[in-house]
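In: Just a sequence and a predicted model for now, questions to come.
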Amino acid sequence: MTPSGFSADPTSPPRPGGGAATASRLLVGFDASPSSVRAVRLAVDMARGGRATVWLVFAQQSRPLAAEPRTEEEISVPVRTTQKAMETLIQEARDAGVRAEVIVRDGDPATVILSVVRELNAGMVFVGTRGLGGPARLLLGSVSSRVVNAGLVPVTVVP
């Protein structure tokens, strides 16, 4: 165990009851926004040369937030764009010698990220910020704020 309380050994099993999170398990909330791409690249840079794994977590919401009906094509285009971006970033990570994986779940992004943090016993989370302000932030909340406020592990918010 290191002084920060994180296990340096990614193969050591978590202690009963969750155990110490490990800094070798880095999770990135990904939505294909420029800030989330920067968050992935920062996590990969931090993992470079070590034994850390970077997980890209994408939460797709099957129910549209807008009341307006959308066609299958309108729904699938953003998902395909996100998948292509994830494939590119995973390859970049692997080219840098970093183990990288993708997790795709259905649901609210902050809820999905926090759930995966617990499941993986992640040691650190990276999230981008879309810069929501004013009424939009009050109405919709902020994924990064919700993840930070949960206080499960250190969170790096990337502009």
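Out: Cool, got the structure.
In: Might you report the residue contacts of Gln60?
Out: By CB atoms under 8 Å, 6 or more residues apart in numbering, the contact list for Gln60 reads Val79, Thr82, Val104, Arg105, Asp106. Glycine gets a C-beta too; all of them are placed from N, C-alpha and C.
In: what does Gln83 give?
Out: Per CB under 8 Å, 6+ apart, neighbours of Gln83: none.
In: what pLDDT does it get?
Out: Note for Gln83: predicted pLDDT of 90.
In: Repeat that for Ser35.
Out: So, for Ser35, pLDDT stands at 93.
In: State the helix or strand in which it lies.
Out: Taking DSSP states H and E as the definition, one finds Ser35 inside helix 34-47.
In: Quick check: next helix or strand after that helix?
Out: Assigned by DSSP H and E, the successor of helix 34-47 is strand 53-60.
In: CA atoms only: put that following strand into PDB for me.
Out: Provided in PDB are the C-alpha atoms of strand 53-60 (Å, rounded to 0.1, in the frame of the first residue of the first chain):
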ATOM      1  CA  THR A  53      -5.600   0.100 -17.200                       C
ATOM      2  CA  VAL A  54      -7.700   2.900 -18.600                       C
ATOM      3  CA  TRP A  55     -11.400   2.300 -19.000                       C
ATOM      4  CA  LEU A  56     -13.500   4.500 -21.200                       C
ATOM      5  CA  VAL A  57     -17.100   4.500 -20.000                       C
ATOM      6  CA  PHE A  58     -19.800   5.600 -22.300                       C
ATOM      7  CA  ALA A  59     -23.400   6.000 -21.000                       C
ATOM      8  CA  GLN A  60     -26.000   5.900 -23.800                       C
END
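In: Sounds good, over and out.
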